[in-house]
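Student: Pasting the sequence and the predicted model now:
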Amino acid sequence: VSAFVLNYRVAPYKHPYPLMDAQRALRYVRYNSEKWHINPGKIGILGFSAGGHLASTAGTHFDDGIKDSQDPVDRVSCRPDAMILCYPVITFGDYRHEGSMLNLIGGKPVQELRDSLSNEKMVSKETPPAFLWHTSNDEGVTVENSLLFAGALSRYNICLLYTSDAADEEDS
């Protein structure tokens, strides 16, 4: 396993800068995969909480490369091959994490932008496989975020979901 750490832009930067950073990182690793002896078809993304939102956004907002770009890195796909989403912020709907939404798109975003970044609404048959984990008693980011995304992924048979109750952890 090879791992890379992305230091992406956060507040005061707003969307789309964090997504652009994640897409560029995926392209850059894939572009350099031969040099670094990495399989270009096995490049995943992992994120926790708000970083889970970024990872799920990268997995639902991607392209096959910008074919007419002067930059050869930009001509490479930014689609991750897998996602690991750890207690992720997913939605900017009913179960949103208000602070994450505020930091990413401001306090009064237009509905179209909220919908576009509610990643449970953006899942398609091209969305990569995902492994999600979330505790059911998470008070910061409610488990409904993972459940919404798992449900959307499940419609395409591309999801594995693991949840845990605090009681289960105490019993083990």
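Tutor: Great, that's in hand.
Student: So which bits of the lengthiest helix in the chain are buried?
Tutor: As assigned by DSSP state H, the longest helix anywhere in the chain is helix 17-31. Judged by neighbour count (16 or more other CB atoms under 10 Å), helix 17-31 contains these buried residues: 18-19, 21-31. Bear in mind the C-beta positions are built from the backbone N, C-alpha and C, glycine included.
Student: So which other helices or strands are in contact with the next helix or strand after it?
Tutor: Read in the C-terminal direction, the helix or strand following helix 17-31 is helix 33-36, with elements assigned using DSSP states H and E. Counting by 3 or more CB pairs under 8 Å, 6 or more residues apart in numbering; DSSP states H and E, no packing neighbours are recorded for helix 33-36 among the helices and strands.
Student: Give the pairing partners of the helix or strand that helix 33-36 is followed by; include direction for each.
Tutor: Elements were assigned by DSSP H and E; along the chain past helix 33-36, the next helix or strand is strand 44-48. Partners of strand 44-48 in the sheet, by DSSP bridges, are strand 82-86 (parallel).
Student: how far is the strand it pairs with from where the chain is centred?
Tutor: The chain centroid and the centroid of strand 82-86 are separated by 7 Å under CA atoms, centre = their mean, to the nearest Å.
Student: Residues contacting that strand, please?
Tutor: Counting contacts by CB atoms under 8 Å, 6 or more residues apart in numbering, the residues outside strand 82-86 that touch it are 42, 44-49, 52, 55-56, 58-59, 128-134, 146, 149.
Student: Name only those of the residues you listed that count as buried.
Tutor: Applying 16+ other CB under 10 Å to the contacts of strand 82-86 flags 44-49, 52, 55-56, 58-59, 128-130, 132-134, 146, 149 as buried.
Student: Flag the shaky bits of the chain, pLDDT-wise.
Tutor: Low-confidence segments of the chain, defined by pLDDT under 70, span residues 159-172.
Student: where exactly do the strands run in it?
Tutor: Taking DSSP state E to define them, one finds strands in the chain at 44-48, 82-86, 130-135, 159-164.
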